[in-house]
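S.K.: Dropping the sequence and predicted coords here.
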Amino acid sequence: MIRDAHTLAGRIREIHAAIRDEVVAACERNATDTMARVVSEGLGDTVFEIDRVSETMLIERFEELARERSFVLIVEGQSSQGGMALPRGIDPEDAELRVIVDPVDGSRGLMYQKRSAWILTGVAPNRGEGTTLADIELAVQTEIPTIKQHLCDVLWAVAGGGPNGERLDRFSGEREPFIPTPSRSNTIAQGFGGLARFVPGVRAELAGIDDRVHEIVLGPVRRGEAQAFEDQYISTGGQLYELMLGHDRWVADLRPVAEAVLRGQGLELGLCCHPYDLCTELIAREAGVLVANEHGDPLSAPLDTEANVAWVGYANTEIQDQVAPALRTAPKERGLTSAS
(Lines give C-alpha, C1' and ligand atoms only; values in the text may rest on other atoms or scores of the structure.)
Protein backbone atom coordinates (compact mmCIF):
# COMPACT_ATOMS: atom_id res chain seq x y z
CA MET A 1 0.00 0.00 0.00
CA ILE A 2 1.09 3.58 -0.66
CA ARG A 3 2.43 5.22 2.46
CA ASP A 4 0.47 8.29 3.65
CA ALA A 5 -1.70 8.18 0.53
CA HIS A 6 -4.20 10.86 1.56
CA THR A 7 -1.46 13.42 2.18
CA LEU A 8 0.08 12.56 -1.18
CA ALA A 9 -3.31 12.98 -2.85
CA GLY A 10 -3.49 16.49 -1.38
CA ARG A 11 -0.03 17.35 -2.73
CA ILE A 12 -0.97 16.11 -6.20
CA ARG A 13 -4.18 18.15 -6.10
CA GLU A 14 -2.05 21.22 -5.40
CA ILE A 15 0.15 20.44 -8.40
CA HIS A 16 -2.91 19.97 -10.59
CA ALA A 17 -4.39 23.28 -9.44
CA ALA A 18 -1.21 25.14 -10.36
CA ILE A 19 -1.13 23.53 -13.80
CA ARG A 20 -4.83 24.21 -14.35
CA ASP A 21 -4.44 27.89 -13.50
CA GLU A 22 -1.40 28.28 -15.75
CA VAL A 23 -3.05 26.59 -18.74
CA VAL A 24 -6.22 28.68 -18.37
CA ALA A 25 -4.09 31.83 -18.13
CA ALA A 26 -2.14 30.80 -21.25
CA CYS A 27 -5.41 30.28 -23.12
CA GLU A 28 -6.55 33.75 -22.05
CA ARG A 29 -3.26 35.34 -23.20
CA ASN A 30 -2.84 33.58 -26.54
CA ALA A 31 -4.79 33.14 -29.74
CA THR A 32 -6.24 29.73 -30.59
CA ASP A 33 -3.77 29.26 -33.46
CA THR A 34 -0.89 29.69 -31.02
CA MET A 35 -2.18 27.11 -28.55
CA ALA A 36 -2.96 24.68 -31.38
CA ARG A 37 0.52 24.84 -32.90
CA VAL A 38 2.12 21.39 -33.25
CA VAL A 39 5.32 21.17 -31.18
CA SER A 40 6.27 17.57 -31.91
CA GLU A 41 4.98 14.27 -33.25
CA GLY A 42 5.59 10.96 -31.49
CA LEU A 43 4.40 7.37 -31.38
CA GLY A 44 2.17 8.15 -28.41
CA ASP A 45 0.42 11.28 -29.66
CA THR A 46 0.86 14.73 -31.15
CA VAL A 47 2.14 17.39 -28.74
CA PHE A 48 0.63 20.86 -29.10
CA GLU A 49 1.71 24.19 -27.63
CA ILE A 50 -1.04 23.88 -25.01
CA ASP A 51 0.54 20.59 -23.88
CA ARG A 52 3.96 22.20 -23.61
CA VAL A 53 2.62 24.83 -21.18
CA SER A 54 1.40 22.15 -18.79
CA GLU A 55 4.39 19.81 -19.17
CA THR A 56 6.92 22.50 -18.21
CA MET A 57 5.12 23.30 -14.96
CA LEU A 58 4.42 19.64 -14.28
CA ILE A 59 8.10 18.67 -14.31
CA GLU A 60 8.98 21.59 -12.04
CA ARG A 61 6.25 20.74 -9.52
CA PHE A 62 6.97 17.03 -9.43
CA GLU A 63 10.66 17.73 -8.92
CA GLU A 64 9.61 19.69 -5.83
CA LEU A 65 7.47 16.74 -4.68
CA ALA A 66 10.54 14.51 -5.11
CA ARG A 67 12.07 16.22 -2.08
CA GLU A 68 9.44 14.32 -0.05
CA ARG A 69 8.90 11.08 -2.02
CA SER A 70 10.89 9.13 -4.59
CA PHE A 71 9.20 7.96 -7.77
CA VAL A 72 9.48 7.19 -11.45
CA LEU A 73 7.52 9.82 -13.38
CA ILE A 74 5.91 8.63 -16.62
CA VAL A 75 4.50 11.53 -18.61
CA GLU A 76 2.56 11.68 -21.87
CA GLY A 77 4.69 13.53 -24.39
CA GLN A 78 8.04 12.62 -22.85
CA SER A 79 10.56 10.73 -24.96
CA SER A 80 11.67 8.25 -22.29
CA GLN A 81 9.42 5.20 -22.24
CA GLY A 82 10.96 4.10 -18.96
CA GLY A 83 10.08 7.33 -17.23
CA MET A 84 12.10 9.86 -15.26
CA ALA A 85 13.45 8.80 -11.85
CA LEU A 86 13.09 11.53 -9.22
CA PRO A 87 14.87 12.86 -7.28
CA ARG A 88 17.39 12.95 -10.10
CA GLY A 89 20.17 10.43 -9.76
CA ILE A 90 18.12 7.81 -7.93
CA ASP A 91 18.07 4.30 -9.39
CA PRO A 92 14.55 3.67 -10.78
CA GLU A 93 14.48 0.31 -9.01
CA ASP A 94 14.95 2.06 -5.66
CA ALA A 95 12.07 4.53 -6.15
CA GLU A 96 9.09 4.13 -3.84
CA LEU A 97 6.38 4.86 -6.41
CA ARG A 98 5.49 4.99 -10.07
CA VAL A 99 3.50 8.06 -11.12
CA ILE A 100 1.86 8.25 -14.55
CA VAL A 101 0.49 11.57 -15.77
CA ASP A 102 -1.37 13.05 -18.71
CA PRO A 103 -0.80 16.81 -18.33
CA VAL A 104 -3.69 17.73 -20.67
CA ASP A 105 -6.10 14.97 -21.64
CA GLY A 106 -8.42 16.52 -24.18
CA SER A 107 -6.03 19.18 -25.44
CA ARG A 108 -7.70 19.31 -28.87
CA GLY A 109 -11.05 20.34 -27.43
CA LEU A 110 -9.53 22.81 -24.99
CA MET A 111 -7.15 24.56 -27.38
CA TYR A 112 -10.12 25.44 -29.58
CA GLN A 113 -12.14 26.38 -26.48
CA LYS A 114 -14.80 23.79 -27.27
CA ARG A 115 -14.72 21.80 -24.04
CA SER A 116 -12.84 21.17 -20.79
CA ALA A 117 -9.67 19.07 -20.71
CA TRP A 118 -8.31 17.11 -17.72
CA ILE A 119 -5.07 16.65 -15.82
CA LEU A 120 -4.77 12.96 -14.94
CA THR A 121 -2.45 11.31 -12.41
CA GLY A 122 -2.27 7.73 -11.19
CA VAL A 123 0.12 6.51 -8.48
CA ALA A 124 1.19 2.92 -7.87
CA PRO A 125 3.80 1.22 -5.67
CA ASN A 126 6.93 0.77 -7.76
CA ARG A 127 7.02 -2.79 -9.06
CA GLY A 128 9.48 -1.97 -11.82
CA GLU A 129 8.53 -2.06 -15.46
CA GLY A 130 5.93 -4.71 -14.63
CA THR A 131 3.77 -2.13 -12.85
CA THR A 132 0.35 -1.87 -14.52
CA LEU A 133 -2.89 0.08 -14.35
CA ALA A 134 -4.16 -2.59 -11.95
CA ASP A 135 -1.51 -1.52 -9.41
CA ILE A 136 -2.68 2.10 -9.17
CA GLU A 137 -3.82 2.89 -5.61
CA LEU A 138 -4.25 6.67 -5.80
CA ALA A 139 -5.67 8.80 -8.61
CA VAL A 140 -6.49 12.46 -9.13
CA GLN A 141 -8.12 14.16 -12.10
CA THR A 142 -8.60 17.91 -12.38
CA GLU A 143 -10.70 19.79 -14.88
CA ILE A 144 -9.11 22.50 -17.02
CA PRO A 145 -12.10 24.65 -17.99
CA THR A 146 -12.60 26.81 -21.03
CA ILE A 147 -11.91 30.48 -20.34
CA LYS A 148 -15.63 31.38 -20.26
CA GLN A 149 -16.39 28.67 -17.68
CA HIS A 150 -16.34 29.65 -14.01
CA LEU A 151 -16.96 26.23 -12.40
CA CYS A 152 -14.50 23.33 -12.58
CA ASP A 153 -14.18 20.01 -10.77
CA VAL A 154 -11.49 17.86 -9.23
CA LEU A 155 -12.00 14.17 -8.43
CA TRP A 156 -9.74 11.84 -6.46
CA ALA A 157 -9.65 8.46 -4.77
CA VAL A 158 -7.44 6.22 -2.67
CA ALA A 159 -8.09 2.51 -3.28
CA GLY A 160 -10.82 1.24 -0.96
CA GLY A 161 -11.72 4.72 0.28
CA GLY A 162 -14.48 5.67 -2.12
CA PRO A 163 -14.58 8.63 -4.53
CA ASN A 164 -14.20 12.31 -3.67
CA GLY A 165 -15.15 15.41 -5.61
CA GLU A 166 -14.87 19.17 -5.24
CA ARG A 167 -16.33 21.92 -7.42
CA LEU A 168 -14.41 25.19 -7.56
CA ASP A 169 -15.84 28.57 -8.50
CA ARG A 170 -12.63 29.99 -9.92
CA PHE A 171 -13.93 33.55 -9.79
CA SER A 172 -15.09 33.59 -6.15
CA GLY A 173 -12.73 30.88 -4.86
CA GLU A 174 -15.63 29.03 -3.21
CA ARG A 175 -15.34 25.22 -3.07
CA GLU A 176 -18.19 22.75 -2.74
CA PRO A 177 -17.56 19.07 -2.02
CA PHE A 178 -19.61 16.41 -3.77
CA ILE A 179 -19.66 12.64 -4.23
CA PRO A 180 -19.53 11.43 -7.85
CA THR A 181 -22.65 9.33 -8.50
CA PRO A 182 -23.11 7.29 -11.70
CA SER A 183 -26.50 6.90 -13.37
CA ARG A 184 -28.93 4.55 -11.67
CA SER A 185 -31.02 4.14 -14.82
CA ASN A 186 -31.85 0.55 -15.71
CA THR A 187 -31.95 1.17 -19.47
CA ILE A 188 -29.87 2.81 -22.19
CA ALA A 189 -33.04 4.17 -23.81
CA GLN A 190 -33.06 7.98 -24.03
CA GLY A 191 -29.63 8.12 -22.44
CA PHE A 192 -26.12 8.95 -23.62
CA GLY A 193 -23.63 6.23 -24.48
CA GLY A 194 -21.77 4.65 -27.36
CA LEU A 195 -18.47 3.81 -29.01
CA ALA A 196 -15.57 6.24 -29.19
CA ARG A 197 -14.68 7.08 -32.79
CA PHE A 198 -12.86 10.38 -32.61
CA VAL A 199 -10.65 10.15 -35.68
CA PRO A 200 -10.78 8.77 -39.24
CA GLY A 201 -9.69 5.22 -39.90
CA VAL A 202 -12.26 2.86 -38.40
CA ARG A 203 -15.24 5.13 -37.87
CA ALA A 204 -17.47 3.24 -40.28
CA GLU A 205 -16.85 -0.10 -38.54
CA LEU A 206 -17.28 1.39 -35.09
CA ALA A 207 -20.45 3.27 -36.04
CA GLY A 208 -21.88 0.03 -37.43
CA ILE A 209 -21.15 -1.75 -34.15
CA ASP A 210 -22.72 1.12 -32.22
CA ASP A 211 -25.92 0.99 -34.28
CA ARG A 212 -26.08 -2.79 -33.98
CA VAL A 213 -25.64 -2.70 -30.19
CA HIS A 214 -28.58 -0.32 -29.90
CA GLU A 215 -30.66 -2.46 -32.24
CA ILE A 216 -29.95 -5.59 -30.20
CA VAL A 217 -30.78 -3.87 -26.91
CA LEU A 218 -33.64 -1.57 -27.93
CA GLY A 219 -34.95 -3.11 -31.14
CA PRO A 220 -35.26 -1.47 -34.58
CA VAL A 221 -35.66 2.29 -34.75
CA ARG A 222 -39.22 3.40 -35.38
CA ARG A 223 -40.06 6.30 -37.65
CA GLY A 224 -39.54 9.65 -35.92
CA GLU A 225 -37.89 8.01 -32.88
CA ALA A 226 -34.61 8.91 -31.17
CA GLN A 227 -33.74 5.80 -29.17
CA ALA A 228 -30.58 7.09 -27.50
CA PHE A 229 -27.79 9.63 -27.91
CA GLU A 230 -24.01 9.77 -28.08
CA ASP A 231 -21.35 12.27 -26.99
CA GLN A 232 -17.92 12.09 -28.62
CA TYR A 233 -15.90 13.66 -25.78
CA ILE A 234 -12.32 13.60 -27.11
CA SER A 235 -10.84 12.85 -23.69
CA THR A 236 -10.76 9.51 -21.88
CA GLY A 237 -10.64 11.32 -18.54
CA GLY A 238 -13.66 13.30 -19.69
CA GLN A 239 -15.48 10.10 -20.67
CA LEU A 240 -14.82 8.63 -17.23
CA TYR A 241 -16.06 11.87 -15.68
CA GLU A 242 -19.31 11.68 -17.66
CA LEU A 243 -19.83 8.14 -16.39
CA MET A 244 -19.03 9.11 -12.80
CA LEU A 245 -21.37 12.10 -12.82
CA GLY A 246 -24.31 10.16 -14.23
CA HIS A 247 -24.27 11.91 -17.61
CA ASP A 248 -23.39 8.81 -19.68
CA ARG A 249 -24.64 5.27 -19.16
CA TRP A 250 -21.94 3.39 -21.05
CA VAL A 251 -18.82 4.05 -23.09
CA ALA A 252 -16.70 1.67 -25.16
CA ASP A 253 -13.38 2.49 -26.79
CA LEU A 254 -12.57 -0.43 -29.07
CA ARG A 255 -10.17 1.26 -31.50
CA PRO A 256 -7.28 -1.20 -30.85
CA VAL A 257 -9.61 -4.13 -31.53
CA ALA A 258 -10.01 -2.90 -35.12
CA GLU A 259 -6.31 -3.26 -35.97
CA ALA A 260 -6.68 -6.68 -37.58
CA VAL A 261 -9.42 -5.39 -39.88
CA LEU A 262 -7.28 -2.44 -40.94
CA ARG A 263 -4.26 -4.63 -41.51
CA GLY A 264 -6.33 -6.80 -43.82
CA GLN A 265 -7.13 -3.66 -45.82
CA GLY A 266 -3.48 -2.60 -45.96
CA LEU A 267 -4.14 0.30 -43.57
CA GLU A 268 -2.56 1.43 -40.31
CA LEU A 269 -4.24 1.91 -36.95
CA GLY A 270 -4.40 5.58 -35.99
CA LEU A 271 -4.58 7.25 -32.59
CA CYS A 272 -5.71 5.02 -29.71
CA CYS A 273 -6.21 5.30 -25.97
CA HIS A 274 -2.99 4.85 -23.92
CA PRO A 275 -2.36 3.94 -20.26
CA TYR A 276 -1.90 7.57 -19.23
CA ASP A 277 -5.42 8.31 -20.57
CA LEU A 278 -6.84 5.66 -18.22
CA CYS A 279 -4.67 6.28 -15.18
CA THR A 280 -7.62 7.66 -13.17
CA GLU A 281 -10.07 4.82 -13.85
CA LEU A 282 -9.63 3.90 -10.16
CA ILE A 283 -11.80 6.90 -9.26
CA ALA A 284 -14.57 5.68 -11.57
CA ARG A 285 -14.45 2.20 -10.06
CA GLU A 286 -14.52 3.63 -6.54
CA ALA A 287 -17.64 5.56 -7.61
CA GLY A 288 -19.31 2.35 -8.78
CA VAL A 289 -18.61 2.50 -12.52
CA LEU A 290 -17.81 -0.93 -13.96
CA VAL A 291 -14.59 -0.58 -15.99
CA ALA A 292 -12.99 -3.44 -17.93
CA ASN A 293 -10.97 -4.27 -21.00
CA GLU A 294 -12.53 -5.58 -24.21
CA HIS A 295 -12.70 -9.09 -22.73
CA GLY A 296 -14.45 -8.01 -19.55
CA ASP A 297 -11.31 -8.31 -17.40
CA PRO A 298 -9.74 -5.60 -15.17
CA LEU A 299 -7.44 -3.16 -16.97
CA SER A 300 -3.82 -4.25 -16.68
CA ALA A 301 -1.90 -2.34 -19.35
CA PRO A 302 1.71 -1.42 -18.48
CA LEU A 303 2.41 2.07 -17.16
CA ASP A 304 3.98 3.42 -20.33
CA THR A 305 3.20 6.01 -23.00
CA GLU A 306 2.66 3.83 -26.07
CA ALA A 307 0.54 0.75 -25.32
CA ASN A 308 -2.84 0.79 -27.08
CA VAL A 309 -5.69 0.06 -24.69
CA ALA A 310 -9.33 -0.87 -25.36
CA TRP A 311 -11.83 -0.39 -22.55
CA VAL A 312 -15.52 -0.42 -21.69
CA GLY A 313 -17.34 1.41 -18.89
CA TYR A 314 -20.87 0.85 -17.57
CA ALA A 315 -22.74 3.04 -15.11
CA ASN A 316 -24.20 0.04 -13.26
CA THR A 317 -24.76 -3.71 -13.50
CA GLU A 318 -28.17 -3.38 -15.17
CA ILE A 319 -26.66 -1.37 -18.02
CA GLN A 320 -23.80 -3.86 -18.21
CA ASP A 321 -26.22 -6.78 -18.40
CA GLN A 322 -27.97 -5.13 -21.37
CA VAL A 323 -24.97 -3.88 -23.34
CA ALA A 324 -22.22 -6.45 -22.68
CA PRO A 325 -23.91 -9.33 -24.56
CA ALA A 326 -24.56 -7.00 -27.52
CA LEU A 327 -20.93 -5.91 -27.46
CA ARG A 328 -19.90 -9.54 -27.69
CA THR A 329 -22.14 -10.11 -30.71
CA ALA A 330 -21.95 -6.91 -32.77
CA PRO A 331 -18.17 -6.75 -33.35
CA LYS A 332 -18.07 -10.39 -34.50
CA GLU A 333 -20.73 -9.61 -37.08
CA ARG A 334 -18.35 -7.03 -38.56
CA GLY A 335 -15.20 -9.14 -38.34
CA LEU A 336 -13.78 -7.63 -35.14
CA THR A 337 -12.77 -9.31 -31.88
CA SER A 338 -15.70 -9.31 -29.46
CA ALA A 339 -15.92 -7.04 -26.44
CA SER A 340 -17.85 -7.33 -23.20
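M.R.: Thanks, I have it.
S.K.: State the helix or strand in which the residue lying closest to T181 once chain neighbours are set aside lies.
M.R.: In space, and not counting its chain neighbours, T181 is closest to G246: 5.7 Å by Cβ to Cβ, 6 or more residues apart in numbering. For every residue, glycine as well, the C-beta is placed using N, CA and C. Per DSSP states H and E: G246 is located in neither a helix nor a strand.
S.K.: Hmm, G246 is touching F178, no?
M.R.: No: assessed by Cβ atoms under 8 Å, G246 is found out of contact with F178, at 11.5 Å.
S.K.: These two: which is more packed in?
M.R.: Under the criterion of other Cβ atoms under 10 Å, the comparison of G246 against F178 puts G246 first, with 16 against 13.
S.K.: Please list all residues in contact with that one.
M.R.: T181, P182, S183, R184, A315 (Cβ atoms under 8 Å, 6 or more residues apart in numbering).
S.K.: Separate out the buried members of the residues you listed.
M.R.: P182, S183, A315 (16 or more other Cβ atoms under 10 Å).
S.K.: Thought N316 was touching the second one, still the case?
M.R.: Yes: between S183 and N316 there is a contact under Cβ under 8 Å: 6.9 Å.
S.K.: Which positions within the helix or strand of the chain with the lowest mean pLDDT qualify as buried?
M.R.: Scoring the helices and strands of the chain by mean pLDDT, DSSP states H and E places helix 259-264 at the bottom, with a mean of 74. Neighbour-count burial for helix 259-264, with 16+ other Cβ under 10 Å as criterion, is recorded at E259, V261, L262.
S.K.: measure the second one to A315 for me?
M.R.: Right, the one you point to is V261. 29 Å (Cβ to Cβ, to the nearest Å).
S.K.: now swap in N164 and tell me
M.R.: Using Cβ to Cβ, N164 is found at 19 Å from A315.
S.K.: now the strands: where do they sit in the protein?
M.R.: In the chain, the strands defined using DSSP state E lie at 38-41, 46-48, 71-75, 84-86, 97-105, 117-125, 138-144, 151-158, 163-169, 175-178, 192-195, 248-253, 290-292, 311-314.
S.K.: Tell me the strands beside the last one, with direction?
M.R.: What it means is strand 311-314. Take DSSP bridges as the rule and strand 311-314 pairs in its sheet with strand 248-253 (antiparallel), strand 290-292 (antiparallel).
S.K.: Tell me the gap between that strand and the middle of its chain.
M.R.: Distance of strand 311-314 from its chain centroid, counting by Cα atoms, centre = their mean, to the nearest Å, is 12 Å.
S.K.: Same question for the second one.
M.R.: The offset between the C-alpha centroid of strand 46-48 and the centroid of the whole chain comes to 17 Å, using Cα atoms, centre = their mean.
S.K.: how about the helices of this protein, start to end?
M.R.: 5-29, 32-35, 49-65, 107-111, 203-218, 236-244, 259-264, 281-287, 317-333 (DSSP state H).
S.K.: Distance to Q227 added to those helices, as JSON lines?
M.R.: Shown next, in JSON lines, are these (distance: least, Cβ to Cβ, whole Å):
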{"stretch": "helix 5-29", "distance to Q227": "37"}
{"stretch": "helix 32-35", "distance to Q227": "36"}
{"stretch": "helix 49-65", "distance to Q227": "37"}
{"stretch": "helix 107-111", "distance to Q227": "26"}
{"stretch": "helix 203-218", "distance to Q227": "5"}
{"stretch": "helix 236-244", "distance to Q227": "19"}
{"stretch": "helix 259-264", "distance to Q227": "26"}
{"stretch": "helix 281-287", "distance to Q227": "25"}
{"stretch": "helix 317-333", "distance to Q227": "13"}
